[in-house]
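1. Here is a sequence with its predicted model. Questions after.
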Amino acid sequence: MAKPSSQLSFREVFALTSFKDRNLFAASQAGLVNNLKDGMSWGIFPLYFTALGLGVERIGILKAVYPMVWGVGQTITGPLSDRCSRKGLIVVGMWVQAAGLLLTGLTGQFIWWFVASVLLGVGTAMVYRPKRRYSWHL
């Protein structure tokens, strides 16, 4: 019989999430990659855009599009994840995020960076699922 989670040591938790349980490993890896993407988006991209001559106003637009699409997108992807494979939606969302990152790095025009920000928002909405199921019935 397995120990209750409150009795697991750090070493046991690390082993469980690193190589013993594939689902926990995948969730940990996806979380790490998603947080790395967020760090790049909020910390590095504004510096990158500035270095390429983009003004503060346009950088603000690019940084506003991503969370706006993410938030609105969750109203679609949340219920969708209840009806289809959550794991599949997460995988596709990670690929959409990768496409957004790639587009950001490979292009040098505002319009393409805007599209990349939209892709980052859509992908993040697919990866994150609202914590609770909400009923629209009153």
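-> Perfect, thanks for sending it.
2. Show me where this structure has its helices.
-> 10-15, 22-39, 45-51, 56-83, 86-106, 110-127 (DSSP state H).
3. export the ones you listed to TSV and tack on mean pLDDT and mean neighbour count?
-> Glycine gets a C-beta too; all of them are placed from N, C-alpha and C. Compiled in TSV, the helices of the chain are given as follows (pLDDT from 0 to 100; neighbours: other CB atoms under 10 Å):
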stretch	mean pLDDT	mean neighbour count
helix 10-15	88	11
helix 22-39	85	13
helix 45-51	95	15
helix 56-83	92	16
helix 86-106	93	17
helix 110-127	96	22
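4. Got the confidence number for residue 4?
-> The predicted structure scores residue 4 at 59 on the pLDDT scale.
5. How about the most centrally placed residue in the chain: what's its closest non-neighbour residue?
-> Central residue of the chain (CA atoms, centre = their mean): residue 124, 3.4 Å from the mean position. Leaving out its chain neighbours, the residue that sits closest to residue 124 by CB to CB, 6 or more residues apart in numbering is residue 70, at 4.5 Å.
6. That neighbour and residue 16, how far apart?
-> 30 Å (CB to CB, to the nearest Å).
7. And residue 97, by the same measure?
-> Plainly put, residue 97 is 26 Å away from residue 16 if you go by CB to CB.
8. and what of residue 108?
-> Residue 108 is 44 Å from residue 16, by CB to CB.
9. more crowded one of the two?
-> Neighbours per residue, other CB atoms under 10 Å: of residue 108 and residue 16, the larger number sits with residue 16, 16 against 11.
10. quick one: the more buried one from residue 35, how far?
-> Remark: distance between residue 16 and residue 35 (CB to CB) = 20 Å.
11. What residues does the residue lying closest to residue 99 once chain neighbours are set aside make contact with?
-> The shortest distance from residue 99 to any residue that is not its chain neighbour, by CB to CB, 6+ apart, is 5.4 Å, and that residue is residue 119. The contact partners of residue 119, by CB atoms under 8 Å, 6 or more residues apart in numbering, come to 96-97, 99-100, 103.
12. Just the closest of the residues you listed to residue 28, please.
-> Within the set of the contacts of residue 119, residue 97 lies nearest residue 28; the separation is 16.8 Å, counting by CB to CB.
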